[in-house]
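Asker: What shape does this take:
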Amino acid sequence: MSDQGVRIGLSAVIMAIRDGRACVLTTTGGDGLAALPFGPFDPVRDRTFERALRDFVTAQTGFRLGFVEQLYTFGDAGRASPRATPGPTGAREVSVGYLALTAEAADPPGSARWTPVLDFFPWEDRRGGAPAVQTAIDAALALWAEDDAKRRARIEALFAGGEARWSEARVLERYELLYEAGVVAEAVRDAERAAPPNAPGRPMASDHRRILATGLGRLRSKLRYRPVLLDLTPPTFTLSQLQAAAEAVTGVALHKQNFRRGVERTSLVAPTGGFSTGTGGRPAALFRATGVDPTDGQAPGLPLPALR
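Answerer: So this is what the prediction gives:
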């Protein structure tokens, strides 16, 4: 540790489904930009990181966390927040990121709000094919890559160019590529230059968009091997609602019949015997989550049979 010391902060990526969209709980940073709930870790007062996280999230947003898991530790030089652990001027700031999921996305009090995740990453929404913003991104990345074969190969791999297939889990890698190429607002801001007016996606305070990209990528990856999607659903739901939630998180369109057959094979859900009358058409059967396998405590992920 240097003589300047270290300041420790905790960041929370809190995800929910609202109105059919994947949303993240945001507050307002000191610069007026959207920010993740963020607070200090006091090694004298706080017994654990998680306890400190739960306390300040409730204090800032009125929201009580359920499931949480640690994401990553972010400690790049240049991070700064007035809400980190108090320390000497010029101290290095380290933030420990957490992912939290909830099915109870009530309107939070104060200035906290649920913000659609794809507002920050519009290039991640592939449900209707490549989004309109991709044209400008492709042009900017082509200028950045020029004749550099390694850069061009990296762009193709991440943005499904040539023979490459789209990988919904590589959210952080795509954001870091756009940052390195100077395409997103945070890149030019950190270089102390004015952000271009057409920079894609909403910028966030500090490096919170990078932390959010890490959380979204982690969630998308976990969908394939753990039933975490059910942590975002209400106690009862239709299969159409479950598929819509999966599409909202992954940003890809799923094959309806293959998705339903896959869900049935997992035995993760069971019919309740009730029906939903709010679908606008024929009443749809309601389902509930069955939980983990009582024999081994394990539960598989949900199928993600993409249309493309």
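Asker: which SS class is Pro108?
Answerer: Taken by DSSP: H, G, I helix; E, B strand; the rest coil, the conformation at Pro108 corresponds to coil.
Asker: which residues touch it?
Answerer: Each residue near Pro108 by Cβ atoms under 8 Å, 6 or more residues apart in numbering is listed here: 25, 61-63, 114. Any C-beta I mention is one placed from the backbone N, CA and C, and that applies to glycine too.
Asker: can you do 10 Å?
Answerer: 14, 25-27, 37, 60-63, 114 (Cβ atoms under 10 Å, 6 or more residues apart in numbering).
Asker: Can you flag which of those belong to helices?
Answerer: When DSSP state H is applied, the contacts of Pro108 are split such that 60-61 fall in helices.
Asker: which one among the contacts of Pro108 gets closest to Pro200?
Answerer: Minimum distance to Pro200 across those is 18.1 Å, recorded for Thr26 (Cβ to Cβ).
Asker: Let me see the contact set for the spatially closest residue to Ala306 that is not a sequence neighbour.
Answerer: Counting by Cβ to Cβ, 6 or more residues apart in numbering, the nearest residue to Ala306 once its immediate chain neighbours are dropped is Val252, at 4.8 Å. The neighbours of Val252, taking Cβ under 10 Å, 6+ apart as the test, are 124-127, 166, 168, 220, 246, 304-308.
Asker: In strands only, show me the contacts of Pro108.
Answerer: Judged by DSSP state E, strands contain the following of those: 14, 25-27, 114.
Asker: quick revisit: lowest pLDDT pick from the contacts of Val252?
Answerer: The lowest pLDDT within these belongs to Arg308, with 56.
Asker: show me where pLDDT drops low in the stretch 101-250 of the chain?
Answerer: Low-confidence regions of the stretch 101-250 of the chain, defined by pLDDT under 70, span residues 194-196.
Asker: what ranges do the strands span in it?
Answerer: Assigned strands in the stretch 101-250 of the chain, in chain order: 113-116 (criterion: DSSP state E, counting those that start in this stretch).
Asker: Give me the neighbour count for Glu156.
Answerer: Burial of Glu156, expressed as a neighbour count using other Cβ atoms under 10 Å, amounts to 15.
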